[in-house]
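Visitor: build the 3D model from these lines:
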Amino acid sequence: MYHIYKKMTLFYGTWKIMDSARVPCMTYFGSMTPEDDRKESPGVELLGRWSVMANASGGFICRAEKLTDVESWLYNWVPMAEINVTPICDDNSARRVILGKEPDFLVDYSNVNDEPQEDETLYMINYKFHQDKKKTGYNLFANLTEEQDKNDSGNCRPLGRWHNLGQGTGMAIAAAKSEEDIYKWAFNWTEICDCKIVPVLTDAQSRKIISEKPDFETKLKAVRESLGH
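Guide: Modelled structure (predicted):
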């Protein structure tokens, strides 16, 4: 269950694997399990991670009491990828900041790491308010009623949305059954913001694809030998 902890900070991270490291990085990642993830990131709770395998990039949401724990975890991957991390607000904390009070309703984040259903595709939506529309956009967002908020996404199934209030940007993860459904949601905001939408995979989906390739075990053996395992 996704809770809000006063001592925990939410972070949004993006990564891009270096061209020279794509094979070892993706092969090693493909061999890992959720238990491996937890072992390599003590003090960090990984809430969700989504990959764009076609260009070896992706994004994640995590939380931790100390930035040093986050950086210690990410340091494991720095030799193979360029990683950026920034503090981020979920809908509930963003509305507190914008409204200056508790919002009338709270958004549930307990399904943030859901797998897509059989007829769904997961999408990552990166939005950016037009420079002269940031305040308008945030006021519209913060003052949505619970019914308006749910209707806004139409036939999409939102899993989570996060906001960088300093830049007027943010990211959302949603499941949709068609490209029309995901673009209908984005179109609601087209007058005040730009949305970049890309299909993404969960860790489980990515690892299944990687590990089922015919040469996976050969590549994994070579990677482990190079790491001295």
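Visitor: rest of the way, CA atoms for contacts and neighbours
Guide: Will do.
Visitor: and the residue positioned nearest the centre of the chain, what are its bridge partners?
Guide: Central residue of the chain (CA atoms, centre = their mean): F60, 3.8 Å from the mean position. With DSSP bridges as the criterion, F60 is bridged to G13, R49.
Visitor: for it, give its distance to T218.
Guide: 29 Å (CA to CA, to the nearest Å).
Visitor: likewise for K39?
Guide: 25 Å.
Visitor: swap in A172?
Guide: Counting by CA to CA, the gap between A172 and T218 amounts to 37 Å.
Visitor: so for these two, which sits in the more crowded spot?
Guide: Higher neighbour count among A172 and T218: A172, with 18 against 10, using other CA atoms under 10 Å.
Visitor: can you tell me the element that one falls in?
Guide: In this assignment (DSSP states H and E), A172 forms part of strand 169-176.
Visitor: now the element after that strand, going C-ward?
Guide: Toward the C-terminus, strand 169-176 is succeeded by helix 179-187 as the next helix or strand (DSSP H and E).
Visitor: can you give me the mean pLDDT across that following helix?
Guide: Regarding helix 179-187, the rounded mean pLDDT is 98.
Visitor: convert it to CSV, retaining C-alpha atoms only.
Guide: Output in CSV follows, covering the C-alpha atoms of helix 179-187 (Å, rounded to 0.1, in the frame of the first residue of the first chain):
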residue,chain,number,x,y,z
GLU,A,179,-3.9,4.9,-28.6
GLU,A,180,-7.1,6.9,-29.0
ASP,A,181,-7.9,6.5,-25.3
ILE,A,182,-4.4,7.8,-24.2
TYR,A,183,-4.5,10.7,-26.6
LYS,A,184,-8.0,11.7,-25.6
TRP,A,185,-6.8,12.2,-22.1
ALA,A,186,-3.8,14.3,-23.3
PHE,A,187,-6.0,16.3,-25.6
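Visitor: which positions in the helix or strand following it come out as buried?
Guide: Downstream of helix 179-187, the first helix or strand assigned by DSSP H and E is strand 193-202. For strand 193-202, the neighbour count (16 or more other CA atoms under 10 Å) marks 193-195, 197, 199-202 as buried.
Visitor: the next helix or strand along the chain from strand 193-202 packs against which elements?
Guide: Sequence order places helix 203-211 as the next helix or strand after strand 193-202, per DSSP H and E. With contacts taken as 3 or more CA pairs under 8 Å, 6 or more residues apart in numbering; DSSP states H and E, helix 203-211 sits against helix 22-31, strand 44-52.
Visitor: buried deepest among those, which one?
Guide: strand 44-52 (a mean of 20; mean count of other CA atoms under 10 Å).
Visitor: which outside residues touch it?
Guide: Residues from elsewhere that reach strand 44-52 (CA atoms under 8 Å, 6 or more residues apart in numbering): 38, 57-65, 69-70, 73, 112-113, 198-203, 206.
Visitor: list the helices and strands the helix or strand bottoming out on mean pLDDT in the chain packs on?
Guide: Every helix and strand of the chain was ranked by mean pLDDT, DSSP states H and E. The lowest is helix 216-226, at a mean of 93. The elements that helix 216-226 packs onto, with contact taken as 3+ CA pairs under 8 Å, 6+ apart, are helix 22-31.
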